[in-house]
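[1] curious how this folds, go ahead:
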Amino acid sequence: MPRDLALAALNSQNLSPGFHERYLEKAFKEMPHLNERDRAFTLHMVQGVLRWQIRLDWVVKETVRFPFGKIQPPILNILRLALYQIFFMDRVPDSAAVNEAVKQAKVFGYNHVKGFVNGILRNICRHKGRITFPDRDSDRARYLSLVYSYPIWLVRKWTMEMGAEEAERLLDAGNRLPNLVIRTNTLKTERGRLIEILNDEGVNAIPLPYSPEGIAFDGFKGTVNRLKAFREGLFQVQGEAAQICSHLALPQPGESVLDLCAGLGGKSTHLAALMGDRGLILALDRNHFRLTNLLKSSMRLGIGSLYPVVADATAPVSSFLRHTFDSILIDGPCSGLGVISRHPDTKLAKGEGDIKRLALLQSRMLNRAVPLLKTGGRMLYVTCTISREENEGVVESFLKGNSEMAPMNLKDYCPEWGLDLIDDNGFFKAFPHVHGMEGFFGALFRKAWP
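    As a prediction, the model looks like this:
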């Protein structure tokens, strides 16, 4: 059952980031008899195939004697699933991976398909220690692309921007399986006490080095909503870098805050906690479903200062929002290159052209937010990507077009625990291979007095 469910998710042919997780989440709700172990196994296989698909496809290409493109997508996904188990799941015997793949091939009802799957997988098993890749010295970019399983354009981009050795460390870090990270809800408890509560529930909870509310779940299996601490609103699932961003917005009790792309509301609810739930937070997003979940989270966390609004931040929002705000947070849509470890399908879903398109979209959102900011107010621009065009490039363009906006050096405002995350230009920059967290960027601006 888990393998068939994993295959169905991969066959969905939807490459929007996070789709496969949402597909499985819906499927799990429709299959309450599926235990947590089988759910974890299913998710692990799907994410594993997406994480290593470029490398797995290379193995197939090196083995078959006809054009790779002639393999039907469902059959190719059967091979990918089996090969992921063979190369990356030590606890699954090769024979079991092959036999289950052959059973899946039988669904197509043709003996030659079953025989093809059986033959190619057994051949690979016999020679798996002798798989060859392009020469590292003569074709380094292609070698890294296949060994670490990243699109070659991204390998070349990161190599050009940060150097060969640094880029390879980043590629490696993006393939590591991340621990679940949560944020303490300081409206109800404090981190030390929450760690004690979680330990009592059987969770190995570890405080994180940067965010003062951050906790990692080491080796956690299952879903968080089974934990009493979650149901009681003592924490929210949120990555460490995202938690740091809320601190950099410098929220103050009693302020009015606009979260222009609230999503599921991780940052909105964190801002509310940092403000002691005193003030107004308008959480704007165009997705009604996300805002519905945000409202549920707010109620669970005990937040009363947050108000969700369905609207498109790329539209001229100042035409219907007559209120100006003390602070605006813009965590706009980006390429997501900093969160590949958690969302491996980003490798396949995003292309080089997306970066320029998204940078233009981000610039438009920033420009349209300026009239909504009070004079003297602050604006924090955040991305979860490692892309100069979407980060420094957007900032440079924004400042050129908005003379009333001035950059604020985050070194002057960041708490001591986060100073080494601020670069020489005053920007927040976190890297997976350097700081052990997701890749994020942040820039803070102030609207100058006339």
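
[2] let me see the confidence value for residue 310.
    The model reports residue 310 with a pLDDT of 87.

[3] so how far is residue 243 from the residue lying closest to residue 390 once chain neighbours are set aside?
    Counting by CB to CB, 6 or more residues apart in numbering, the nearest residue to residue 390 once its immediate chain neighbours are dropped is residue 359, at 4.9 Å. (Each C-beta comes from the backbone N, C-alpha and C, glycine too.) In this structure, residue 359 and residue 243 are separated by 25 Å, where distance is defined by CB to CB, to the nearest Å.

[4] tell me the pLDDT of the residue nearest to residue 390.
    The model reports residue 359 with a pLDDT of 94.

[5] got the contact list for it?
    Going by CB atoms under 8 Å, 6 or more residues apart in numbering, residue 359 touches 387, 389-390, 393-394.

[6] closest to residue 279 among those residues?
    Using CB to CB, residue 394 is the member of the contacts of residue 359 that sits closest to residue 279, with 27.8 Å.

[7] what helices or strands is the helix or strand hosting the closest one leaning on?
    Here residue 394 is covered by helix 392-401, with elements defined by DSSP states H and E. Helices and strands touching helix 392-401, as assessed by 3 or more CB pairs under 8 Å, 6 or more residues apart in numbering; DSSP states H and E, comprise helix 352-369, strand 373-383, strand 405-408, strand 440-447.

[8] buried stuff in the first one?
    Read it as helix 352-369. When neighbours are counted by 16 or more other CB atoms under 10 Å, the buried residues of helix 352-369 are found to be 354-355, 358-359, 361-363, 365-366, 368-369.

[9] what's the angle from that helix to strand 440-447?
    Going by axes from the mean of the first three to the mean of the last three CA atoms, to 10 degrees, helix 352-369 is angled at 30 degrees with respect to strand 440-447.

[10] which strand residues bridge the closest residue to residue 414 other than its chain neighbours?
    The shortest distance from residue 414 to any residue that is not its chain neighbour, by CB to CB, 6+ apart, is 5.4 Å, and that residue is residue 422. According to DSSP bridges, the partner residues bridging residue 422 are residue 428.

[11] residues in contact with residue 422?
    For residue 422, the set of contacting residues under the criterion of CB under 8 Å, 6+ apart consists of 409-411, 414, 428-429.

[12] tabulate those residues (TSV), appending pLDDT, distance to residue 257 and neighbour count.
    As requested, these are exported to TSV (pLDDT from 0 to 100; distance: CB to CB, whole Å; neighbours: other CB atoms under 10 Å):
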residue	pLDDT	distance to residue 257	neighbour count
409	97	21	13
410	97	18	23
411	96	23	15
414	93	19	21
428	98	18	24
429	97	23	21
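
[13] and residue 199, how far from residue 215?
    Taking CB to CB as the criterion, residue 199 is separated from residue 215 by 11 Å.

[14] an error on my part: the question was meant for residue 49.
    In this structure, residue 49 lies at 30 Å from residue 215, with CB to CB as the measure.

[15] show me what contacts residue 220?
    Contacts of residue 220 by CB under 8 Å, 6+ apart are 179-180, 203-204.

[16] so which of these would you say is closest to residue 289?
    Proximity of those to residue 289 was ranked by CB to CB; the top entry is residue 180 with 22.6 Å.

[17] my read is that that closest one contacts residue 219, right?
    No. Under the contact definition of CB atoms under 8 Å, residue 180 does not touch residue 219, with a separation of 9.6 Å.

[18] those two: who's more crowded?
    It is residue 180, of residue 180 and residue 219, that has more neighbours when counted by other CB atoms under 10 Å, with 18 against 9.

[19] now the more buried one: phi and psi?
    Torsion angles at residue 180 (phi, psi; degrees, to the nearest 10) stand at phi -70, psi 130.

[20] any idea what it is bridged to?
    In this structure, residue 180 bridges to residue 217 when assessed by DSSP bridges.

[21] who touches it in this structure?
    Residues counted as contacts of residue 180 (CB under 8 Å, 6+ apart) are 216-217, 220, 224, 237.

[22] so how far is residue 264 from it?
    15 Å.

[23] repeat for residue 210
    Computed with CB to CB, the distance linking residue 210 and residue 264 is 22 Å.

[24] now do residue 327
    Here the criterion is CB to CB. By it, residue 327 lies 20 Å from residue 264.

[25] now residue 346: phi and psi?
    On the backbone of residue 346 - angles per degrees, to the nearest 10 - the values are phi -60, psi -30.

[26] nearest residue to it in space, please, no chain neighbours.
    Setting aside the residues directly before and after it, residue 346 is nearest to residue 336 in space (CB to CB, 6+ apart), at 4.7 Å.

[27] kind regards, and thank you for your time.
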